[in-house]
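> here's a sequence, model it:
(chains A and B)
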Amino acid sequence: MYTQALNQKDVAPAAGPAEDPERLARFEARVAAEDKIEPNDWMPAAYRRTLTRQISQHAHSEIVGMLPEGNWITRAPSLRRKAALLAKVQDEGGHGLYLYAAAETLGTSREELVDQLLSGKAKYSSIFNYPTLTWADIGAIGWLVDGAAIMNQIPLCRTSYGPYARAMVRICKEESFHQRQGYEIMLTLARGTEAQKAMAQDALDRWWWPSLMMFGPPDAESAHTDQSMRWKIKRFTNDALRQQFVDATVPQGHFLQLSFPDPELRYDEEAGHWRYGAIDWEEFRQVLAGNGPCNRERLEARRRAHAEGAWVREAALAHAAKRRARRAAERQAAE
Amino acid sequence: MTTIAVASTPLVEALLARADDALVHAHRLSEWCGHAPMLEEDLALANVALDLLGQARSLYQYAAEVEGAGHSEDDLAYRRDAPQFRNALIFELPRGDFAETIARLFLASAAMLPWWQAAMESPDARIAAISAKAEKEVTYHLRHAGEWMIRLGDGTEESHARVAAAVAKYWPYTGELFEAEHPAVAALLPDPAPLRAAFDATVARVFAEAGLDRPRDGWMQKGGRRGVHTEHLGHMLAVMQHLQRAYPGAVW
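Now for the predicted structure:
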């Protein structure tokens, strides 16, 4: 997911003080009662750390996620598609912006968070380390990647931390629009020429498994889920969300008359679920470890933009300081 | 077969000129998306690009109607070759650094705003309507680019040097923005020559605050309105038109 951070173990600082049991109990009671936790409220250090990591990872994913789709803005095949894609990538930048703002309410500045991304310390979603090779990938990303993101993000609209929950409401509205747009691209291709159908099938073949991996490791291996569930940061397990996604998506793919790259995919009448084959978790681990097809390029692109923009940010600060000084001097002269 | 022949008239040419300006400029601005100096500028430059793309679409649609040959906005954008494009040269130059992008956006917006304002009075209702929308958008583009001209001009030694170099680079391309329209469309579109005064005033106001010198009006580069472009446009179109050219007849 955009928030695979929840699958990392929370490492508490070695000499961290123990939480006051009374405050902790009050906090947990509020969360249990579905009260929203707000920035000035007391919260356990581990809750703050977990959320900072999750929200910033979500923000980083939006920002890095601009790159694979941005790759096709200049080549979009019609003016309508170009406008829609540019607007979509812009939306992702907007999501990044208000997620950084939500993370800042927990006490870490955007600059620090961005530095963590650029230094490689902070993670972003594994999915953005795959390349966009044809126009159909833009359709597949909207349909599958945004579709998977929605499955995870709809429950986040009810997450216990207020600023994050509120940011997610708006993000979800935009994501579901993106998802429909992506599916519409796939539909157009699937009803198009033979070459376009082949393009759509190839994109599904390449994006299907990485999309399932977005939900993170199976529950049995996701040690961190318990506490996050109790604190209502997370509301469904990885496997439950993955299953929900598969159940929703498989019929959509069949409607496109495309086939899924999984020979074991079959409908379980009794359970009412689509059963899928084994996920290649080694690939997932390798992508997270930095060995995906585009990890290096994605981070390099972010670092380059940051480094090449340094003089611009310095100029803006220098001008603001000069203007303040001039105004102060004017006021003094007037007195 | 994939390249179309446009049944040209002075009005079609004039509409294409402004549409191509907007599309080509939008393309250059869209190259920043995901790579800008700060997230706020990723959003702002994409916004400007989207406005320009919208202007291009309205103008292509109208040009296609006036042409009456059954062409679509996409035929006009994707199926003409470089010599058929009518944009002013300033828009096709590579995006350069942020100072170049801002200097071009500022100079072009300063020239275009009075043009759109005058075109709002056109007796042609479509031109007036397109202009009314564009005028609002370009007002914002000019404000945004103008504020950055001041920040960069006044900011640091480096930013001042970069933006001054960018102005020097683009200045010789501003003359083309004021080229006279064909006499046959004089009644429908503004005469650009008298709009120079407004451009000069905007430049003077912003440059004064930015601490920048207005370059001398020397030799002006031109050719785009006749289809004689720089080497850059062909590369840009090769990228932009790739899918339409590779899969003729496909619907996207």
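
> need phi/psi at residue A:135.
Main-chain torsions, residue A:135, degrees, to the nearest 10: phi -60, psi -30.

> typo on my end, residue A:267
Residue torsions, per degrees, to the nearest 10, at residue A:267 are phi -90, psi 130.

> quick one: neighbours of it, just the number.
13 (other Cβ atoms under 10 Å in any protein chain shown). Every residue, glycine included, has its C-beta placed from N, CA and C.

> name the nearest residue to it, sequence neighbours excluded.
The shortest distance from residue A:267 to any non-neighbouring residue, by Cβ to Cβ, 6 or more residues apart in numbering or on different chains, is to residue A:274 (5.7 Å).

> can you check residue B:189 too?
residue B:181 (5.1 Å).

> quick revisit: the residue nearest to residue A:267 belongs to a strand?
Yes: assessed with DSSP: H, G, I helix; E, B strand; the rest coil, residue A:274 lies in a strand.

> what pLDDT does it get?
According to the prediction, residue A:274 has pLDDT 98.

> residues in contact with it?
A:246-247, A:250, A:265-268 (Cβ atoms under 8 Å, 6 or more residues apart in numbering or on different chains).

> apply 6 Å and report the result again.
Residue A:274 makes contact with A:246-247, A:250, A:267, according to Cβ atoms under 6 Å, 6 or more residues apart in numbering or on different chains.

> out of those residues, which end up buried?
A:246, A:250 (16 or more other Cβ atoms under 10 Å in any protein chain shown).

> of the contacts of residue A:274, closest to chain B?
For these, the residue nearest chain B by Cβ to the nearest Cβ is residue A:250; the value is 25.6 Å.

> once you drop chain neighbours, what's closest to the residue of the stretch 151-300 of chain A found nearest chain B?
The nearest approach of the stretch 151-300 of chain A to chain B comes at residue A:193, 5.3 Å away (Cβ to the nearest Cβ). In space, and not counting its chain neighbours, residue A:193 is closest to residue B:250: 5.3 Å by Cβ to Cβ, 6+ apart.

> let me know how buried that neighbour is, in neighbour terms.
Neighbour tally, residue B:250, other Cβ under 10 Å: 16.

> and the stretch 151-300 of chain A, which residues reach chain B?
A:192-193, A:195-196 (Cβ under 6 Å from any Cβ of the partner chain).

> phi and psi next, for the residue of the stretch 151-300 of chain A closest to chain B.
phi -70, psi 170.

> read off the pLDDT value for it.
So residue A:193 comes in at 97 (pLDDT).

> and residue A:228, by the same measure?
At residue A:228, pLDDT is 82.

> that one sits in which helix or strand?
Assigned by DSSP states H and E, residue A:228 belongs to helix A:225-230.

> show me what secondary structure element comes after that helix.
Heading C-terminal from helix A:225-230 (DSSP H and E), you reach helix A:238-255.

> then that following helix to CSV, C-alphas only?
The C-alpha coordinates for helix A:238-255 follow below in CSV (Å, rounded to 0.1, in the frame of the first residue of the first chain):
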residue,chain,number,x,y,z
ASN,A,238,-3.4,-6.8,4.8
ASP,A,239,-5.0,-10.1,3.7
ALA,A,240,-8.5,-8.9,4.2
LEU,A,241,-8.0,-5.8,2.1
ARG,A,242,-6.1,-7.8,-0.6
GLN,A,243,-9.0,-10.2,-0.8
GLN,A,244,-11.5,-7.3,-1.1
PHE,A,245,-9.4,-5.8,-3.9
VAL,A,246,-9.2,-9.1,-5.8
ASP,A,247,-12.9,-9.7,-5.5
ALA,A,248,-13.7,-6.3,-6.8
THR,A,249,-11.1,-6.3,-9.6
VAL,A,250,-11.4,-9.7,-11.2
PRO,A,251,-14.9,-9.2,-12.6
GLN,A,252,-13.8,-5.8,-14.0
GLY,A,253,-10.9,-7.5,-15.8
HIS,A,254,-13.2,-10.1,-17.2
PHE,A,255,-15.5,-7.4,-18.4
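
> how about the residues of the stretch 1-150 of chain B near chain A?
Going by Cβ under 6 Å from any Cβ, the residues of the stretch 1-150 of chain B near chain A are B:30, B:33-35, B:37, B:39, B:42-43, B:46, B:50, B:53, B:57, B:73-74, B:77, B:98.

> of those residues, which belong to helices?
B:30, B:39, B:42-43, B:46, B:50, B:53, B:57, B:73-74, B:77, B:98 (DSSP state H).

> possible to save those as TSV with neighbour count, distance to residue A:218 and pLDDT?
Converted to TSV, those look like this (neighbours: other Cβ atoms under 10 Å in any protein chain shown; distance: Cβ to Cβ, whole Å; pLDDT from 0 to 100):
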residue	neighbour count	distance to residue A:218	pLDDT
B:30	27	40	98
B:39	20	35	96
B:42	26	36	97
B:43	20	37	97
B:46	28	38	98
B:50	20	42	98
B:53	24	44	98
B:57	23	47	98
B:73	21	49	98
B:74	21	46	97
B:77	24	48	98
B:98	26	46	98
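
> about what we covered before: what's the ChimeraX syntax to select whichever of the residues of the stretch 151-300 of chain A next to chain B are buried?
Command for ChimeraX that selects the buried part of these, burial taken from 16+ other Cβ under 10 Å:
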select /A:192,196
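
> next, give me the two most distant ones among the residues of the stretch 151-300 of chain A next to chain B.
Greatest spatial distance among those (Cβ to Cβ): A:192 and A:195, at 7.9 Å.

> now the stretch 101-250 of chain B against chain A: closest residue?
residue B:155 (2.9 Å).

> OK, contacts around that residue?
Contacts of residue B:155 by Cβ under 6 Å, 6+ apart are A:315, A:318-319.

> which ones among the residues you listed also lie next to chain B?
Okay, of the contacts of residue B:155 touching chain B (Cβ under 6 Å from any Cβ), that's A:315, A:318-319.
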